[in-house]
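J.: Everything below, folded, please.
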Amino acid sequence: MGAALKVLVVEDDSTLREALCDTIEYGGYRVWSACDGAAALQQLERQPVDLIISDVQMAGMDGERLLREVRARSPELPFVMITAHGSVQHAVAAMRDGATDYLLKPFAAEVLLEMLARFEPVPEPGVAMVAEDPAMQRVCRLAERLAHSDATVLVTGESGTGKEVIARYLHACSSRAERPMVAINCAAIPENMLESMLFGYEKGAYTGAHQSRPGKFEQANGGTLLLDEISEMDLGLQAKLLRVLQEREVERLGGNKVIALDVRVIATSNRNLAEAVAAGRFREDLYYRLSVVPLEVPALRDRPADILPLAQRFLQRYAPPRSGLAFSKAALQRLAAHNWRGNVRELENCVQRASLLALGPEIGPDDIDFVAAMAPAAAVAAAPTMVEATAPAEPQLEGDLKERERELIVAALSAVDGNRKEAAERLGISPRTLRYKLARFRELGLAVPRAH
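T.: Below you'll find the model as predicted:
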């Protein structure tokens, strides 16, 4: 899986700034924020980003001056300007000064997320697979055979096993490899936004939809569309998705033009979809449409021969350049003996942390910290309020247990550099529930870190 787009939001209105950051995090992106242009320049010195979104009118250094400063330092860095209806001339001037795009207030969250999708880095061609274990080799051989058909494939497996990596491998082995592979995380996008992002929309379909936009199906035409965590999709939208899959055509929201599709669909889920069908949470007809060929990715503990090769791969990725950092024999034994309840994602986090903690040229067993790499599932389960619900319930626990819950949340946020989406995944709750809990802790006077 490629690195998430890193976004810096510059806005002096704290309420709007937080709303923008929340929406961007919902989309699965990394986000940092600054209250004005001067603070943004300081933030850029500490944290390189892939995109800046800045309001025009701000106290102190405004957006226009910030744009000129950024262009002098990073001429190629994408810069999007936010402006109000009454100041379109500022947007025009900003485009002349080098802004990449602009957003006109008020705009819907769908418009912001669609724009962000256009700035996502293109994945490098080809997928370097680690498949030393016979169990994983069988999965790869099956993926290679499936690649030569256009059949819809359902990739299942626990969270963190590498389902998206297998999906990209399948695309890379197919005749569509030179065509686009477009991915959308159905769990990360709010229900009311997912439809427009999938199917696209015409100008005027939403407040702030100042121009027509193609959806993910159109963007993937001729290639592959990955519907990540499809089990989280609303039942109503499942019906519309089924129709698109059956008819192989799509209509944008607010439009009446039928667009023919030539798209290979791959879906992933970390849930048992058959059980979801039985419970009425997933449409049976869509399940059978998606699972023409199911492909299950084994848990890392069930493919032990992959543990050390993956660890070496991650060390190459995260070790400081020219450091010569390597694992000691004892560290490798410690990695191989671990149960890896968080699968490949836990292993990657663990190696990244070890590469930062190592004091010499060698990572020793004491540098391997499993607790920090992933919040223990047993500890999370011990806090009864850490459960998913349709609407977050009012916390019932007081005293030590509430403080323990706060500690778990803080530990999860610290382990992922404050990213709420990743922290929520570690804790087994939704980003919405995590936001609610953080807000409640602040109201109660408990210290919690704010998102970057």
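
J.: and the gap between Gln312 and Val351?
T.: 9 Å (CB to CB, to the nearest Å). Glycine gets a C-beta too; all of them are placed from N, C-alpha and C.

J.: So between the two, which is more surrounded?
T.: Val351 (27 against 16; other CB atoms under 10 Å).

J.: measure that one to Phe282 for me?
T.: Distance, Val351 to Phe282, using CB to CB: 35 Å.

J.: now the helices for the stretch 101-250 of the chain?
T.: For the stretch 101-250 of the chain, the helices defined by DSSP state H, counting those that start in this stretch cover 109-118, 134-146, 163-172, 191-199, 216-219, 235-247.

J.: ok, how many other residues are close to the residue nearest to Ala319 when sequence neighbours are not counted?
T.: Nearest non-adjacent residue to Ala319, counting by CB to CB, 6 or more residues apart in numbering: Leu325, 4.1 Å away. Leu325: 17 surrounding residues under other CB under 10 Å.

J.: I'd say Leu325 and Ala354 touch.
T.: No: between Leu325 and Ala354 there is no contact under CB atoms under 8 Å: 9.1 Å.

J.: need the contact list for Arg264.
T.: Taking CB atoms under 8 Å, 6 or more residues apart in numbering, we find Arg264 in contact with 150, 152, 171, 174, 176, 223-225.

J.: how close does it get to Arg334?
T.: Arg264 sits 41 Å away from Arg334, going by CB to CB.

J.: Next: Ala411.
T.: To Arg334, Ala411 is 21 Å away according to CB to CB.

J.: Equivalent analysis for Tyr318, please.
T.: Separation of Tyr318 from Arg334 (CB to CB): 18 Å.

J.: Could you identify the helix or strand that succeeds the host helix or strand of Leu20?
T.: Under the criterion of DSSP states H and E, Leu20 resides in helix 14-26. Remark: after helix 14-26, the chain's next helix or strand is strand 30-34, criterion DSSP H and E.

J.: and that following strand, which strands flank it?
T.: strand 6-10 (parallel) (DSSP bridges).

J.: buried set for the strand it pairs with?
T.: Residues of strand 6-10 classed as buried by neighbour count (16 or more other CB atoms under 10 Å): 6-10.

J.: What count of nearby residues applies to Tyr198?
T.: If you look again at residue 198, you'll see it is Leu, not Tyr. Leu198 sits with 23 neighbouring residues when counted by other CB under 10 Å.

J.: let me redo that: Gly364
T.: 17.

J.: in the stretch 51-200 of the chain, which spans are strands?
T.: Secondary structure of the stretch 51-200 of the chain (DSSP state E, counting those that start in this stretch): strands at 51-55, 79-84, 101-105, 153-156, 181-185, 200-201.

J.: out of the ones you listed, which comes closest to Leu242?
T.: strand 153-156 (13.9 Å; CB to CB).

J.: Just checking: what are the partner strands of the closest one?
T.: Assessed with DSSP bridges, strand 153-156 is paired to strand 264-269 (parallel), strand 293-296 (parallel).

J.: In contact with Arg289, which residues?
T.: Applying CB under 8 Å, 6+ apart to Arg289 gives the contacts 152, 242, 245-246.

J.: what comes up buried for stretch 344-352?
T.: 344-352.

J.: can you list contacts of it?
T.: Contacts of stretch 344-352 (CB under 8 Å, 6+ apart): 159-162, 300, 307, 310-311, 314-315, 318, 335, 340, 342, 368-370, 373-374, 415-416.

J.: Now, of those residues, which are buried?
T.: 159-162, 300, 307, 310-311, 314-315, 318, 335, 340, 342, 368, 370, 373-374, 415-416.

J.: From those residues, which land in helices?
T.: Mapping the buried ones among the contacts of stretch 344-352 onto helices (DSSP state H) picks out 307, 310-311, 314-315, 318, 335, 370, 373, 415.

J.: Out of the contacts of Arg289, which is nearest to Ile429?
T.: Using CB to CB, the contacts of Arg289 come closest to Ile429 at Leu242, 28.8 Å.

J.: give me the number of residues near the closest one?
T.: Count around Leu242 with other CB under 10 Å applied: 17.

J.: who's in contact with it?
T.: So Leu242 contacts 283, 285-286, 289 (CB under 8 Å, 6+ apart).

J.: And for Glu202?
T.: Residues near Glu202 by CB under 8 Å, 6+ apart: 209, 212, 252-255.

J.: May I have the predicted confidence score for the residue lying closest to Leu77 once chain neighbours are set aside?
T.: Excluding the flanking residues, the one nearest Leu77 by CB to CB, 6+ apart is Val70, at 6.0 Å. Looking at Val70, its pLDDT is 92.

J.: Likewise for Val88?
T.: 56.

J.: Count the residues that sit near Ala108.
T.: Ala108 has 18 nearby residues by other CB under 10 Å.

J.: okay, it: pLDDT?
T.: For Ala108, the model assigns a pLDDT of 75.

J.: re the thing from before, show me what the helix holding Leu20 packs onto, helices and strands only.
T.: strand 6-10, strand 30-34, helix 109-118, helix 420-427, helix 431-443 (3 or more CB pairs under 8 Å, 6 or more residues apart in numbering; DSSP states H and E).

J.: So which of the ones you listed is nearest Val139?
T.: Shortest distance between Val139 and these, using CB to CB, is found for helix 420-427: 22.5 Å.

J.: list the helices and strands the closest one packs on?
T.: If you count contacts as 3+ CB pairs under 8 Å, 6+ apart, helix 420-427 packs onto helix 14-26, helix 399-415, helix 431-443.

J.: Tell me who's in contact with the nearest residue to Val258 once chain neighbours are set aside.
T.: Counting by CB to CB, 6+ apart, Val258 lies nearest to Glu249, which is 5.1 Å off, once chain neighbours are set aside. Counting by CB under 8 Å, 6+ apart, Glu249 touches 258-261.

J.: cutoff 6 Å now
T.: Residues in contact with Glu249 (CB atoms under 6 Å, 6 or more residues apart in numbering) are 258, 260-261.

J.: any idea which of these is closest to Ile166?
T.: Comparing these against Ile166 with CB to CB picks out Leu261 as the nearest, at 23.2 Å.

J.: how close does the closest one sit to Gly200?
T.: From Leu261 to Gly200 the distance is 12 Å (CB to CB).

J.: Comparing the strands paired with strand 153-156 by mean pLDDT, which bottoms out?
T.: Taking the mean pLDDT of the strands paired with strand 153-156, strand 293-296 comes last: a mean of 88.

J.: Buried residues, it. List them.
T.: Under 16+ other CB under 10 Å, the buried positions of strand 293-296 are 295-296.

J.: that older thread, go through the buried residues of stretch 344-352 and flag which are in helices.
T.: Assigned to helices by DSSP H, the following of the buried residues of stretch 344-352 qualify: 344-352.

J.: Quick check: mean pLDDT of stretch 251-261?
T.: Mean predicted lDDT for stretch 251-261 stands at 90.

J.: Tell me which residues are up against it.
T.: In contact with stretch 251-261 (CB under 6 Å, 6+ apart) are residues 196, 199-202, 205, 217, 248-250.
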